[in-house]
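S.K.: kindly generate the corresponding structure for this input.
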Amino acid sequence: MFTTRSTIAITSSTPGITVTLENTGIFLGIIVSVFIIAGGAVQIISKMNKISSSITQIEEAMKEHARNAEKIRQLERTLDLHIQDYVNRKDVIQMLLGQLDQKITHKFKRLLFYTRDVQRFLQKDSSFVIREYEENTEQE
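M.R.: Numbers count the residues shown, from 1 in each chain. The predicted structure is shown next:
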């Protein structure tokens, strides 16, 4: 089997490097491989930068959610205070209305007793006739 080697002739009298096509092919292969490896490294580095950027964005979003959660807790506390204030005011108003109802009932009973006393007095000393009134719920 014969192998052919290509040689480039150099006309120099000093000893030097002999450059062959095989050496040039190997050299070009090494250079292309280095560029491919460099391209892969650039892609890996860019993907790592994207991942790092995404992680930073996620951290910022988590911090924002934590701030919002704290605001929600404060609003809930404020709402609870307002609800308790409403319940307290409602209870006070109900107590006041109950007292007012008791006073009105008491005054009405006293007025009824005074009216009966006047009716009895008028019946004894004169011919005063007491009329009985019926309450009609129907409209006339």
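S.K.: for residue 119, grab the count of nearby residues.
M.R.: 13 (other Cβ atoms under 10 Å). For glycine as for every other residue, the C-beta is placed from the backbone atoms N, C-alpha and C.
S.K.: what separates it from residue 128, distance-wise?
M.R.: Counting by Cβ to Cβ, to the nearest Å, the gap from residue 119 to residue 128 is 7 Å.
S.K.: how about residue 78?
M.R.: Taking Cβ to Cβ, one finds residue 78 at 67 Å from residue 128.
S.K.: give the contact list for residue 100.
M.R.: For residue 100, the contact set (Cβ atoms under 8 Å, 6 or more residues apart in numbering) is empty.
S.K.: that one sits in which helix or strand?
M.R.: helix 21-125 (DSSP states H and E).
S.K.: gap between that helix and the chain center?
M.R.: Counting by Cα atoms, centre = their mean, to the nearest Å, helix 21-125 is centred 6 Å from the centre of its parent chain.
S.K.: now it: mean pLDDT?
M.R.: Across helix 21-125, pLDDT averages out at 93.
S.K.: offset the numbering so it begins at 24, please.
M.R.: Okay, residue one is now 24; in that scheme the one you just asked about reads as helix 44-148.
S.K.: thank you, goodbye.
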